[in-house]
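1. have a look at this fold, sequence not included:
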């Protein structure tokens with residue numbers, strides 16, 4: 001019997017507001033332990049929460065961007081559970097009346113441009129818990145409450161995913177979307193975006209959902225994909241062995257590539273939701289919703305399709321540019337100046353991305369401007385420097401306060417394109433390498449590349465490679 005995977009996702013995204021959700025404490029990652037907390041976020045008796053309006057605006061923006069209905073009247077609830085990092089003994093969330101519901105997101109899921117629509121059940125606001133700290137430097141565990149009260153939105157999908165690849169594409173689209181909206185930095189390594197996964201399997205053609213298993217502790221989108229594939233295979237193997245799938249929560253271990261049971265349905269939480277008596281009803285008038293709607297930027301999936309259509313970019317290059325809004329802005333800026341789109345994309349997705357990875361810098365922290373990048377591309381386009389020289393120029397203009405022309409002059413990178421000089425070099429190289437010439441005429445076509453390489457060596461890498469290849473081909477009698 002063949003099975004299909006059924007997956008639903010719950011994405012928690014920390015919002016990039018200046019202050020926390022219900023108090024005036026600074027919302028900042030990486031501060032010294034327990035320095036960004038107050039009586040409200042540490043749950044001191046008598047301390048009362050006050051809702052940050054920017055949290056509501058951010059959630060509405062996300063709801064509008066995902067085609068949700070915005071509920072103009074909703075409330076906040078207490079979600080009860082007990083854990084050392086939750087000082088109140090409950091989390092302020094939304095139970096039966098979320099701010100946004102009934103939406104969808106159209107996502108391009110593969111390189112052929114296939115687009116799938118994934119339903120979004122709801123988007124609601126809530127506060128984050130603190131953070132447990134474990135270290136060999138001390139016994140037991142400690143609690144850092146800097147994160148307590150940091151605002152979150154939870155984006156709950158319909159069980160519409162039929163493969164781990166679809167789930168990963170959706171998560172990447174969500175990340176790009178919250179960054180484009182300016183509501184989160186979506187840094188998974190800092191916990192700004194987290195995901196819980198629900199997985200079940202069923203026979204192909206069945207309309208009945210199987211028993212779902214929830215997985216937690218997923219620290220990367222690629223880890224989510226691995227976890228889904230593992231859990232689906234585990235369930236199928238259990239069913240085929242005559243076993244029964246239990247409704248349970250499992251913890252994913254990405255190092256071991258397996259999951260383990262955290263709690264079964266017998267120990268499932270009863271959160272005992274009820275309206276928070278310390279917080280007023282949320283009422284959002286239509287003018288506020290429409291003002292937020294008018295502020296929406298071009299959304300990433302629409303920009304992705306435009307990049308592929310207008311600039312003839314392949315899926316992987318468009319995806320690389322869209323994954324970092326700064327890259328997309330720089331790309332369009334240099335193309336707007338007159339740069340060739342294909343060339344600009346090749347450099348952006350190749351050497352620019354490589355150098356950023358090697359140096360561990362985001363693009364915004366480099367010296368690369370549209371003007372400097374265009375100057376470098378133009379020098380290559382005009383044949384003033386070679387592509388190899390361009391790599392040297394790029395690294396200098398990215399991390400130093402210097403122009404492309406100044407780098408070329410300082411490094412002596414100007415390309416030799418003089419036809420007579422290059423032909424003379426080719427004649428000498430061909431005369432000095434009769435064996436390579438014989439090999440080429442004997443059918444060993446890689447000998448052509450060898451001869452061009454020898455010519456480049458004679459010019460110390462400054463010869464125009466296209467012209468050298470053309471002149472070598474002429475010398476060999478093939479053009």
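-> Arrived safely. The structure displayed is predicted, hence computed values, not measured ones.
2. where does residue 466 sit: helix, strand or coil?
-> The three-state label given to residue 466 by DSSP: H, G, I helix; E, B strand; the rest coil is helix.
3. count the neighbours of it for me.
-> Counted with other Cβ atoms under 10 Å, the burial measure for residue 466 works out to 13 neighbours. Bear in mind the C-beta positions are built from the backbone N, C-alpha and C, glycine included.
4. quick check: closest non-adjacent residue to residue 169.
-> The shortest distance from residue 169 to any residue other than its chain neighbours is 4.4 Å, reached at residue 109 (Cβ to Cβ, 6 or more residues apart in numbering).
5. pLDDT score assigned to the one you found?
-> As summarised for this prediction, residue 109 has a pLDDT of 92.
6. got phi/psi on it?
-> The phi and psi values for residue 109, taken as degrees, to the nearest 10, are phi -100, psi -10.
7. all helices of the stretch 151-300 of the chain, in order?
-> Chain-ordered helices for the stretch 151-300 of the chain, with DSSP state H, counting those that start in this stretch as the definition, fall at 164-181, 221-240, 286-294, 300-310.
8. just send those helices back as CSV, with distance to residue 65 and mean pLDDT too.
-> As requested, the helices of the stretch 151-300 of the chain are exported to CSV (distance: least, Cβ to Cβ, whole Å; pLDDT from 0 to 100):
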stretch, distance to residue 65, mean pLDDT
helix 164-181, 6, 96
helix 221-240, 19, 96
helix 286-294, 9, 97
helix 300-310, 9, 95
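9. right, and these - which one's nearest residue 366?
-> Each of the helices of the stretch 151-300 of the chain was scored for nearness to residue 366 using Cβ to Cβ, and the closest is helix 164-181 (18.3 Å).
10. most tightly surrounded among the helices of the stretch 151-300 of the chain?
-> Highest mean neighbour count of those: helix 164-181, a mean of 22 (counted as mean count of other Cβ atoms under 10 Å).
11. got the angle between that helix and helix 286-294?
-> Angle of helix 164-181 versus helix 286-294, following axes from the mean of the first three to the mean of the last three Cα atoms, to 10 degrees, is 110 degrees.
12. domains for this protein, by residue range?
-> Segmentation of the chain into domains, based on automatic domain parsing, reads 3-291, 300-411, 419-475.
13. any low-confidence regions in the stretch 251-400 of the chain?
-> Applying pLDDT under 70 to the stretch 251-400 of the chain flags the ranges 265-269.
14. spell out, range by range, the strands that occur in it.
-> Listed in chain order, the strands of the stretch 251-400 of the chain (DSSP state E, counting those that start in this stretch) span 258-264, 274-275, 282-283.
15. pairing partners for the first one, with directions?
-> When you say that, I think you mean strand 258-264. For strand 258-264, the pairing partners within the sheet under DSSP bridges are strand 248-253 (antiparallel).
16. ok, residue 67 touching residue 103?
-> Yes: with contacts counted by Cβ atoms under 8 Å, residue 67 reaches residue 103, the gap being 4.4 Å.
17. pull up the overlap in contacts between those two.
-> Counting by Cβ atoms under 8 Å, 6 or more residues apart in numbering, the contacts common to residue 67 and residue 103 are residue 120.
18. so between those two, which is more surrounded?
-> The neighbour count for residue 67 versus residue 103, taken as other Cβ under 10 Å, is higher for residue 103 (23 against 15).
19. and what about the more buried one, helix, strand or coil?
-> On the basis of three-state DSSP, residue 103 is classed as strand.
20. what is it paired to in the beta sheet?
-> Beta-bridge partners, per DSSP bridges, of residue 103: residue 120.
21. and stretch 419-434, how far out from the chain's middle?
-> Taking Cα atoms, centre = their mean, to the nearest Å, the mean C-alpha location of stretch 419-434 is offset from the chain mean by 50 Å.
22. then stretch 470-479?
-> Stretch 470-479 sits 47 Å away from the centroid of its parent chain (Cα atoms, centre = their mean).
23. please report the distance of residue 224 from residue 428.
-> Relative to residue 428, residue 224 is positioned 59 Å away (criterion: Cβ to Cβ, to the nearest Å).
24. same check on residue 343?
-> Noted for residue 343: a distance of 32 Å to residue 428, by Cβ to Cβ.
25. more neighbours, these two?
-> Each of residue 343 and residue 428 had its neighbours counted (other Cβ under 10 Å), and the higher figure belongs to residue 343 (16 against 13).
26. can you count the residues close to residue 87?
-> With neighbours defined by other Cβ under 10 Å, the count for residue 87 comes to 18.
27. once you drop chain neighbours, what's closest to it?
-> residue 43 (3.8 Å).
28. cool, and residue 285?
-> For residue 285, the nearest residue in space outside its immediate sequence neighbours is residue 72; the separation is 7.0 Å by Cβ to Cβ, 6+ apart.
29. and that neighbour, how many residues sit next to it?
-> Tallying neighbours of residue 72 according to other Cβ under 10 Å, which is how burial is gauged here, yields 14.
30. residue 62 now?
-> When neighbours are counted by other Cβ under 10 Å, residue 62 registers 25.
31. do the same with residue 403
-> Other residues within reach of residue 403, judged by other Cβ under 10 Å, total 17.
32. then residue 409?
-> Taking other Cβ under 10 Å as the criterion, the count of residues near residue 409 is 11.
33. equivalent analysis for the one 5 residues further on, please.
-> Other residues within reach of residue 414 by the criterion other Cβ under 10 Å amount to 14.
34. what confidence value was assigned to it?
-> Residue-level confidence at residue 414 comes out at 83, pLDDT.
35. tell me the spacing between it and residue 408.
-> Using Cβ to Cβ, residue 414 is found at 6 Å from residue 408.
36. what touches both of those two?
-> Common contacts of residue 414 and residue 408, defined by Cβ under 8 Å, 6+ apart, comprise 384-385.
37. would you mind measuring the gap between the ends of stretch 402-415?
-> Distance across stretch 402-415, first residue to last, is 20 Å (Cα to Cα, to the nearest Å).
38. and it, which residues are buried?
-> Buried residues in stretch 402-415, counting neighbours by 16 or more other Cβ atoms under 10 Å, are found at 403-405, 407-408, 413, 415.
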